[in-house]
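K.L.:
pasting the structure only:
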């Protein structure tokens, strides 16, 4: 069976989502494992959970690529005292390499923010917060959509990302016309000022808080579930990694485990 090693997998991920694009506060790259360990199967998951490790074992994966770093910002100990320590310890014991691609994958060309923008039909997109390493890349996206309303935009977000939800957050006049919007996968409340200042009439992101409406200063807000959006676009991205590794014969698969702790709400 064809294979690469963990170091080769890191190189392939870096080519798609350069680790240098990660935010300074982030923790990306190889979290657990040896670079020389052979890899024939890669599992791509949003989070490291016990069920994801179970799935890796059942599907014969020697490496798991996660979006959310399991060591973030740091672990004070790798022991069985706390859940994440137990998971990291188990991964090491079972010889499963753990690689994290977080804000670098958010910022990259063809990464999670580009895919979210594609799902919402955005055109002419540019980064909401350009990367100092490459201003053509960065966190979030801002661009145009065919003129719609805030309510219709929220309805589209529900339909595309979380069709089972009953309580999508919307702040602003549902009938307000919008054609320039900003988006950010995951938790984008810290970028509200950037979204407002770039002229967006609406901002679609997750984990918004009560007083974010005041900071928006009239810009409409659509609060989409963090895990639902990232899980959706991560599954869309997984074939890109598979294509990048196609000549090696390595199998790349998206995890079937729903790790969203708020899944009952979506």
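P.N.:
The structure has been received and is ready for your questions. Just so we're clear, the structure is a prediction, and the values are computed from it rather than from any experiment.

K.L.:
alpha carbons only for contacts and neighbour counts from here, please
P.N.:
Noted.

K.L.:
which residues touch the nearest residue to residue 16 once chain neighbours are set aside?
P.N.:
Once flanking residues are discounted, residue 16 sits nearest to residue 108: 7.2 Å by CA to CA, 6 or more residues apart in numbering. By CA atoms under 8 Å, 6 or more residues apart in numbering, residue 108 lies in contact with 16, 17, 18, 21, 137, 138.

K.L.:
run the chain-centre distance for stretch 154-168.
P.N.:
18 Å (CA atoms, centre = their mean, to the nearest Å).

K.L.:
for it, buried residues please.
P.N.:
Residues of stretch 154-168 classed as buried under the neighbour-count rule (16 or more other CA atoms under 10 Å) are 154, 155, 156, 157, 158, 161, 162, 165, 168.

K.L.:
identify the residues contacting the helix or strand of the chain with the lowest mean pLDDT?
P.N.:
Lowest on mean pLDDT, DSSP states H and E among the helices and strands of the chain sits strand 169-171, with a mean of 92. For strand 169-171, the external contacting residues (CA under 8 Å, 6+ apart) are 151, 154, 213, 220, 221, 222, 223, 224.

K.L.:
next, count neighbours for the third one.
P.N.:
Meaning residue 213. Number of residues near residue 213 (other CA atoms under 10 Å) recorded here: 17.

K.L.:
could you do the first one as well?
P.N.:
Residue 151 has 20 neighbours, counted by other CA under 10 Å.

K.L.:
and the helix or strand where it lies, what does it pack against?
P.N.:
Under the criterion of DSSP states H and E, residue 151 resides in helix 150-161. Counting contacts by 3 or more CA pairs under 8 Å, 6 or more residues apart in numbering; DSSP states H and E, helix 150-161 packs against helix 226-244.
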